[in-house]
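K.L.:
Structure of the sequence below:
(one chain, ligands or ions: 1)
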Amino acid sequence: MTLKFSRRHLAKLAGLSALGLAMPAGAAEKKGKPAPERFAPAPFPKGFVWGTATSSYQIEGATAEDGRGPSIWDTFSHTAGKIADHSNGDRANEHYHRYQEDVALIRSLGVKAYRFSIAWPRVFPEGTGTPNPKGLDFYNRLIDELLANGIEPYATLYHWDLPQALQDRVGGWLSSDTSKAFGDYAGHVAARISDRVKNIFTINEAGRFLEFGYGLGIDAPGLKLPAGELNQARHNVVLGHGLAVQAIRAVARKGTRVGPAENIATCVPAFATAENIRATELATREMNAGLLGVMLEGKYTDGFLEYAGSNAPKFTAEELKIIGSKNDFVGLNIYAPQFYIAASDRKPGWSLLPFPASFPHMNSEWLRFGPEVIYWAPKIAAKIWNIDTIYISENGTSSEDRLRDDGRIYDLDRISFLRNYLVQLQRATSEGVPVMGYFLWSLMDNFEWIYGYEKRFGLYHVDFQTQARTPKLSAAFYRDVVARNAIGP
Ligand code: NOJ
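P.N.:
Residues are numbered from 1 along each chain as shown. Purely as a prediction, here's the structure:
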């Protein structure tokens, strides 16, 4: 028998009920009707924190308002040829003025946590020296609005928008003066927000902004440093992290929790034999020794120092102690499997397997589709560094996200991505891997750095002409997961 659907049926399916927007999850059961689904959902732990994430330069706009100083990303995005669609963050999502509307969007997802970043050049337009009180005023308004809506603020102190003044004066992260300035800025902010903000991320994705911004020259500040200087910049960044942890501990309210948000080099066993898993643990430690490793171990591994040779950073024992200051949690930004690993008889005991050209990827070409990465990366990190609290501080994907004639966005590839990654994350938590929360990147489409506005990562579509925000189908999907604290097969 063939089932025939009329145009009206299809139109209805594509309407509110198909989007899950007509009735909140659970409403059918409450009315006494049986729930339409009968699968066994895979639950996340009680109290699991569901959230979304954004960052200052990517959404705020208002780059010249209320005393904000320029950042290296203002300079970089205004340099011809750097951004794919020739755009910049001058206006972005106008979140600086629309933050109340945006908090309402977060609330309607049902999430209880929001990770945003504070723009250093709003608080210290010159990087150091006299603070600009209007800068923190904005974040105070945002924090109050979040709390009034039952949403826990998670603040990130550095999401790449370094004050341009620091780049000009001391060479940015090439100088440990920037590490010190970051520590001072962190203390200044923590003293003023920790009455309401309990969780502070120090530095976001040191791995990315150092590699791309100081090594390859394709992110701000656009430098192509030789290996020795690049390692020194890495060292100054982890030193900045350690100084920030100490400054926050010194001034923040008791109970304030702090940690990094790092995009570790993600290693996944090619397939899960005991030998391959062990090899993946060794590889994860070595591949991350210069950043997250030293933050968690308070020392560089022998392998790292040997490999760096004369390009190793200059450091003191005192600095290592600061860098290794204890964190309360570790944030991991997990997107793609970066390396598949197999055990090897040869030193160092593991090998990186080459990727076939046919390996699947999402709408962003770098974003390989490998859901198992979100199972292995936190599991292995927790084991090798003995971490007891992990947050997935970012995960998500871009999608074509075309507005259809009916005004909707059917981002089925994003839903498939999220479903598969979340199933693997649930697999990890069900085995006791200490992942306590998940922040979906991103709340809404925004300035995706060198791709400008071409790559859309949001749960909400943004029309950058009108600033209209429209929920994509994935927003309804995520809301359903959050409401159940579980995901079906
Ligand atoms: C990680 C970065 O922290 C964020 O700024 C970026 O937009 C996402 N990855 C997606 O590329």
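
K.L.:
CA only for contacts and neighbour counts going forward, please
P.N.:
Noted.

K.L.:
Okay, Val373 and Asp413: tell me how far apart.
P.N.:
The gap separating Val373 from Asp413 is 18 Å, by CA to CA, to the nearest Å.

K.L.:
For those two, indicate the residue with more neighbours.
P.N.:
Val373 (24 against 17; other CA atoms under 10 Å).

K.L.:
Isn't the more buried one up against Phe339?
P.N.:
No: contact between Val373 and Phe339 fails when scored by CA atoms under 8 Å: they sit 9.7 Å apart.

K.L.:
shared neighbours of those two, anything?
P.N.:
Thr266, Cys267, Val268 (CA atoms under 8 Å, 6 or more residues apart in numbering).

K.L.:
The last one contacts Ala343, correct?
P.N.:
No: counting by CA under 8 Å, no contact exists between Val268 and Ala343, whose distance comes to 11.5 Å.

K.L.:
Common neighbours of these two, please.
P.N.:
Thr280.

K.L.:
okay, those two: which has more neighbours?
P.N.:
Legend: neighbour count by other CA under 10 Å for Val268 and Ala343, higher for Val268 (29 against 22).

K.L.:
Correct me if wrong, but that one is in a helix.
P.N.:
No: going by DSSP: H, G, I helix; E, B strand; the rest coil, the assignment for Val268 is strand, not a helix.

K.L.:
Give the helix, strand or coil label for the nearest residue to it once chain neighbours are set aside.
P.N.:
Using CA to CA, 6 or more residues apart in numbering and skipping the chain neighbours, the partner closest in space to Val268 is Tyr340 (4.9 Å). Here Tyr340 is strand, with the state taken from three-state DSSP.

K.L.:
measure Tyr340 to Phe464 for me?
P.N.:
38 Å.

K.L.:
quick one: which of the two has more around it?
P.N.:
Shown here are Tyr340 and Phe464; by other CA under 10 Å, Tyr340 has more neighbours (20 against 15).

K.L.:
Pretty sure the more buried one sits against Trp350.
P.N.:
No: here Tyr340 lies out of contact with Trp350, judged by CA under 8 Å, at a distance of 10.1 Å.

K.L.:
dump the residue contacts of the residue nearest the centre of the chain.
P.N.:
Centroid check for the chain by CA atoms, centre = their mean gives Glu394 as the closest residue, at 3.3 Å. By CA under 8 Å, 6+ apart, the contact set of Glu394 is Ala53, Leu332, Asn333, Ile334, Tyr335, Tyr438, Phe439, Leu440, Trp441.

K.L.:
Quick check: it is in a strand.
P.N.:
Yes: per three-state DSSP, Glu394 lies within a strand segment.

K.L.:
And for Asp463, nearest residue in space, chain neighbours not counted?
P.N.:
Asp463 sits nearest to Arg469 (CA to CA, 6+ apart), 6.7 Å away.

K.L.:
What backbone torsions are found at the one you found?
P.N.:
Torsion angles at Arg469 (phi, psi; degrees, to the nearest 10) stand at phi -110, psi 130.

K.L.:
That one contacts His461, doesn't it?
P.N.:
Yes: using CA under 8 Å, Arg469 is in contact with His461, at 5.5 Å.

K.L.:
which residues are common contacts for these two?
P.N.:
What both Arg469 and His461 touch, as defined by CA under 8 Å, 6+ apart, is the set Met444.

K.L.:
about what we covered before: top of the contacts of Glu394 by number of neighbours, please.
P.N.:
Leu332 (27 neighbours).

K.L.:
give me the low-pLDDT residue ranges for the chain?
P.N.:
In the predicted model, the chain carries pLDDT under 70 at residues 1-40, 488-489.

K.L.:
dump the residue contacts of Ser430.
P.N.:
Listed by CA under 8 Å, 6+ apart, the contact partners of Ser430 are Phe44, Pro45.

K.L.:
I'd like the distance between it and Met436.
P.N.:
12 Å.

K.L.:
Please apply the same query to Val123.
P.N.:
Taking CA to CA, one finds Val123 at 30 Å from Met436.

K.L.:
more crowded one of these two?
P.N.:
A count of neighbours by other CA under 10 Å puts Val123 above the other of Val123 and Met436, at 27 against 19.

K.L.:
That one against Leu136, yeah?
P.N.:
Yes: between Val123 and Leu136 there is a contact under CA under 8 Å: 5.9 Å.

K.L.:
neighbours of the closest residue to Cys267 other than its chain neighbours, just the number please.
P.N.:
Spatially, and ignoring its direct neighbours in sequence, Cys267 is nearest to Phe339 (4.8 Å; CA to CA, 6+ apart). Residue crowding around Phe339 was assessed by other CA under 10 Å; the count is 21.

K.L.:
Tell me which residues touch Phe339, please.
P.N.:
Neighbours of Phe339 in contact, by CA under 8 Å, 6+ apart: Ala265, Thr266, Cys267, Val268, Leu352, Leu353.

K.L.:
on that earlier part again, what about Arg469 and His461, which has more around it?
P.N.:
Legend: neighbour count by other CA under 10 Å for Arg469 and His461, higher for His461 (24 against 19).

K.L.:
Looks to me like the more buried one is in a strand.
P.N.:
Yes: checked against three-state DSSP, His461 lies within a strand.

K.L.:
Just say helix, strand or coil for the residue nearest to it when sequence neighbours are not counted.
P.N.:
Distance criterion CA to CA, 6+ apart; nearest residue to His461, sequence neighbours excluded, is Thr470 at 5.0 Å. Judged by three-state DSSP, the three-state class of Thr470 is strand.

K.L.:
Surely Thr470 touches Val462?
P.N.:
Yes: counting by CA under 8 Å, Val462 is a contact partner of Thr470 at 6.6 Å.

K.L.:
Based on its surroundings, how many neighbours for Gly61?
P.N.:
20.

K.L.:
Which strand or helix spans it?
P.N.:
Counting by DSSP states H and E, Gly61 is held by no secondary-structure element, helix or strand.

K.L.:
Who are the contact partners of it?
P.N.:
Gly89, Asp90, Arg91, Ala92, Asn93, Glu94, His95, Tyr96.

K.L.:
where's it relative to Pro226, distance?
P.N.:
Gly61 is 34 Å from Pro226, by CA to CA.

K.L.:
got it, and Phe182?
P.N.:
For Phe182 relative to Pro226 (CA to CA), the value is 24 Å.

K.L.:
end to end, how far does stretch 297-310 reach?
P.N.:
End-to-end span of stretch 297-310 (CA to CA): 22 Å.

K.L.:
Next up, the contacts around Lys224.
P.N.:
Gly213, Tyr214, Gly215, Leu216, Gly217.
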